[in-house]
Every structure is written in C-alpha cells, then in structure tokens.
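A.B. asks: Provided below for reference: sequence and predicted model.
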Amino acid sequence: MRPFTGEVDVRREAEAEFDWWYRTAYPRVARAVFLVVHDRGVAEDIAQDAFVQMLRHWNTVSGYEQPDAWVRRVAIRMAVRRARREYRRPGLELLAGGPPAAPDGGDRTEVVAAIAALSPMQRAAIMLHYWADQPVQEIARTLEVSESTVKQHLFRARGRLAVLLREEVGDDVG
C-alpha cells in the first residue's frame, strides 16, 4: 500500500512556486531598496527580510494577482524605516556625545549622491515613481500616505535634486 502524499505534493508545489517568485523578484526588490538606503549590503538584508515575510504569509500572498508587488511594498516600508533611523542617527549621536557616523565613501554617481541627500520618504517616492514606474496612487499605497503627500514628496524632491545637480528649475519644480 502506497502512503498518502497529497499534502507533500501540495507543499512541494508551493515551495517551487515561492522559489520561482523569489528568483524572479529578488533582484528588482533589492535594487529598489538600494535606491532608498544606498547601501548594497543593507538593501540585500532588507530584501531578504521582506521575502521571509512573504514566505510566512505565502498561503495568502500566493493568491494575490501580483505577489511581487506585495513583497516590494513590504521591502520599501522596511527600507524607509531603516533610512529614517539612519537619517536621524548623526543628530542623536551628537546629542549623546558620541562621534558621528562615518559617511559612506563608496563610488557614487552625482545623481545617486544627490538622491542620497534627500529625506527617506522623498528617496522612496522618487525611486518608486522614476525607477519602478509606479503611478502616484500605487506609491501612496506602498508608503501608506495620501496621494497629495506623495505629490508633495515628489515636488520637493525634484526641487532639491535640481539644486543639488545644479539644473535649471522648471515650472513644475519648487
């Protein structure tokens, strides 16, 4: 008599499906996170953590139309939280009397360096809008803010980038 393997087969199929999503979406998610945190190692860690969350919720997430959008949203939220902590760290260390964190001396293009100078929410909005090609409505859902807040972050970020990159400021940038 052959043992019942239905549950094992279902589990193997679910694992194979998750593996496929992981291999397909991981590079895009890690790249999106990198554009928020500007540290490849941290970006990879955050992307991994987001996929762990995806695996924990795989029974639900696998039924979504775009599981990769779910994991990207989770990763971006994690990246924004991390970037906010890092953004505040020098001031907190100064208040605590410790030395400020050493700046990242990695090779950066002028644009990447300018984006790194933006606030974490502005970086996330710029990355999602221009690199991930998401509309304002989707960015608002991802960042859990209103559409007008996203527009405000994009407007301010474009203005700041124009100044940092010594570009001429147009009518759509303040």
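C.D. replies: Looks like it came in fine.
A.B. asks: tell me the average confidence for the host helix or strand of Gln122?
C.D. replies: For Gln122, the host element (DSSP states H and E) is helix 120-126. Regarding helix 120-126, the rounded mean pLDDT is 88.
A.B. asks: With stretch 138-152 instead?
C.D. replies: 90.
A.B. asks: Equivalent analysis for stretch 27-37, please.
C.D. replies: On average, stretch 27-37 scores 91.
A.B. asks: So which bits of that stretch are buried?
C.D. replies: Buried residues in stretch 27-37, counted by 16 or more other CB atoms under 10 Å: 28-30, 32-37. All C-beta spots, glycine's among them, are computed from the backbone N, C-alpha and C.
A.B. asks: picking up where we left off before, for the helix or strand following the helix holding Gln122, packing partners?
C.D. replies: Downstream of helix 120-126, the first helix or strand assigned by DSSP H and E is helix 136-143. Helix 136-143 makes packing contacts with helix 67-96, helix 120-126, helix 147-164 when contacts are defined by 3 or more CB pairs under 8 Å, 6 or more residues apart in numbering; DSSP states H and E.
A.B. asks: Give me the domain ranges for the chain.
C.D. replies: With domains defined by automatic domain parsing, the chain comprises 1-103, 107-174.
A.B. asks: returning to what we had before: okay, the helices and strands packed on helix 136-143, which one's buried deepest?
C.D. replies: helix 120-126 (a mean of 24; mean count of other CB atoms under 10 Å).
A.B. asks: Please state the offset of it from the chain centre?
C.D. replies: Centroid separation for helix 120-126 versus its chain: 9 Å, with CA atoms, centre = their mean, to the nearest Å.
A.B. asks: can you dump the C-alpha coordinates of that helix into PDB?
C.D. replies: Written as PDB, here are the backbone C-alpha positions of helix 120-126 (Å, rounded to 0.1, in the frame of the first residue of the first chain):
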ATOM      1  CA  PRO A 120      13.900  58.900   3.200                       C
ATOM      2  CA  MET A 121      10.300  59.500   2.100                       C
ATOM      3  CA  GLN A 122      11.500  61.700  -0.800                       C
ATOM      4  CA  ARG A 123      14.000  59.000  -1.900                       C
ATOM      5  CA  ALA A 124      11.300  56.300  -1.700                       C
ATOM      6  CA  ALA A 125       8.900  58.400  -3.700                       C
ATOM      7  CA  ILE A 126      11.500  59.300  -6.400                       C
END
